[in-house]
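**Student:** mind folding the following:
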Amino acid sequence: MIAPGAIVDPDARISETATISAYSVIGAGVEIGEGSWIGPHVVIKGPTRIGRNNKIFQFCSIGDDPQDKKYEGESESVLEIGDNNVIREYCSINRGTAHGGGVTRLGDDNWVMAYVHIAHDCLIGNQCTFANNTTLAGHVLIEDHVILGGFTGVHQFCRMGKHSFSAISSVIVKDVPPYVMMSGNTAKPSGLNREGLKRHGFSTESIDALRKAYKTVYRDGLLLKDALEEIRALENGNPHLTDFVEFIQASERGIAR
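**Tutor:** You can find the predicted model right below:
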């Protein structure tokens with residue numbers, strides 16, 4: 001359904017079961033999937049692909065040009081949004097840039113609260129929560145099940161591992177390993193995200209193993225390479241310890257420590 005007063009470019013592809021509310025503007029190159037609801041006064045610019053059953057609330061700016069001085073209108077600039085996301089009022093999500101991979105991507109089942117900004121070339125997984133006024137700079141990677149507290153800022157090129165967590169007003173300037181909580185400006189590790197892991201069904205044994213790994217990296221005073229060797233010795237087929245170690249080994253910016 002396209003409400004009176006909405007402006008939809010003839011080159012946009014809108015599912016018959018999607019809803020476009022009054023006074024929204026849908027540009028050329030936009031695709032909106034089944035059951036998605038676009039509230040009033042939303043502007044969506046293409047190339048942008050939006051999947052099924054998303055809800056985008058009023059006054060959002062979706063898929064506009066990257067805020068990057070190197071962007072020169074190149075065609076390799078896309079925004080991809082998956083399924084079942086909720087994007088609340090006044091959010092802005094920019095397309096990618098050619099030198100950054102060309103794509104900004106938001107996965108499935110994410111909850112994006114009011115005033116969140118997701119910059120160019122960010123790659124976001126599934127089932128994440130971004131509280132109000134969270135801001136991601138360009139080229140940020142957010143893995144699955146990450147929770148960012150209100151007013152969190154994430155520096156460009158940072159990575160946040162699965163099930164990590166930031167407290168309110170955290171400023172992230174280094175990579176955050178999976179399962180770790182962060183707080184402060186600049187953010188420092190403040191423990192293992194035990195409550196989050198319990199909610200997602202992690203066993204007591206897995207949580208205890210991750211607590212030992214956290215202590216080895218952050219509390220035992222070891223060089224990072226020595227800490228990772230100790231964790232490898234304890235790994236014993238535990239996929240969560242493997243994720244923890246491999247994320248740290250792959251870090252180019254270095255981890256917050």
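**Student:** please enumerate the helices of the chain.
**Tutor:** Secondary structure of the chain by DSSP state H: the helices cover 194-199, 204-218, 224-234, 239-250.
**Student:** and these as JSON lines, adding mean pLDDT?
**Tutor:** Rendered in JSON lines, the data for those read as follows (pLDDT from 0 to 100):
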{"stretch": "helix 194-199", "mean pLDDT": "96"}
{"stretch": "helix 204-218", "mean pLDDT": "96"}
{"stretch": "helix 224-234", "mean pLDDT": "94"}
{"stretch": "helix 239-250", "mean pLDDT": "97"}
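**Student:** mind putting the ones you listed in a markdown table, distance to Ser15 included?
**Tutor:** (Glycine included, C-beta is placed from N, CA and C.) Below are those laid out as a markdown table (distance: least, CB to CB, whole Å):
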| stretch | distance to Ser15 |
| --- | --- |
| helix 194-199 | 33 |
| helix 204-218 | 41 |
| helix 224-234 | 47 |
| helix 239-250 | 36 |
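**Student:** can I get these in TSV including mean neighbour count and distance to His139?
**Tutor:** Formatted as TSV, the helices of the chain follow (neighbours: other CB atoms under 10 Å; distance: least, CB to CB, whole Å):
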stretch	mean neighbour count	distance to His139
helix 194-199	14	25
helix 204-218	17	25
helix 224-234	14	23
helix 239-250	17	15
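**Student:** residues in contact with Ser169?
**Tutor:** Contacts for Ser169 (CB atoms under 8 Å, 6 or more residues apart in numbering) come out as Gly149, Gly150, Phe151, Thr152, Asn185.
**Student:** can we see that at 7 Å?
**Tutor:** Contact analysis of Ser169 by CB atoms under 7 Å, 6 or more residues apart in numbering lists Phe151, Asn185.
**Student:** now swap in Leu223 and tell me
**Tutor:** Here Leu223 is in contact with no residue (CB under 7 Å, 6+ apart).
**Student:** and the gap between it and Arg159?
**Tutor:** Per CB to CB, to the nearest Å, Leu223 is found 21 Å from Arg159.
**Student:** list the contacts of stretch 187-204.
**Tutor:** 145, 147, 163-166, 170-172, 179-183, 207, 210-211, 214, 218, 256-257.
**Student:** make sure Ser183 is actually in contact with Ala167.
**Tutor:** Yes. Ser183 is within contact range of Ala167, at 3.7 Å (criterion: CB atoms under 7 Å).
**Student:** break this structure down into its structural domains.
**Tutor:** The chain breaks down by automatic domain parsing into domains covering 7-139, 197-250.
**Student:** format the ones you listed as JSON lines; extra columns: distance to Gly191.
**Tutor:** Below are the domains of the chain laid out as JSON lines (distance: least, CB to CB, whole Å):
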{"stretch": "domain 7-139", "distance to Gly191": "19"}
{"stretch": "domain 197-250", "distance to Gly191": "7"}
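**Student:** so which of the ones you listed is the most surrounded?
**Tutor:** For these, the largest average neighbour count (mean count of other CB atoms under 10 Å) is found in domain 7-139, namely a mean of 20.
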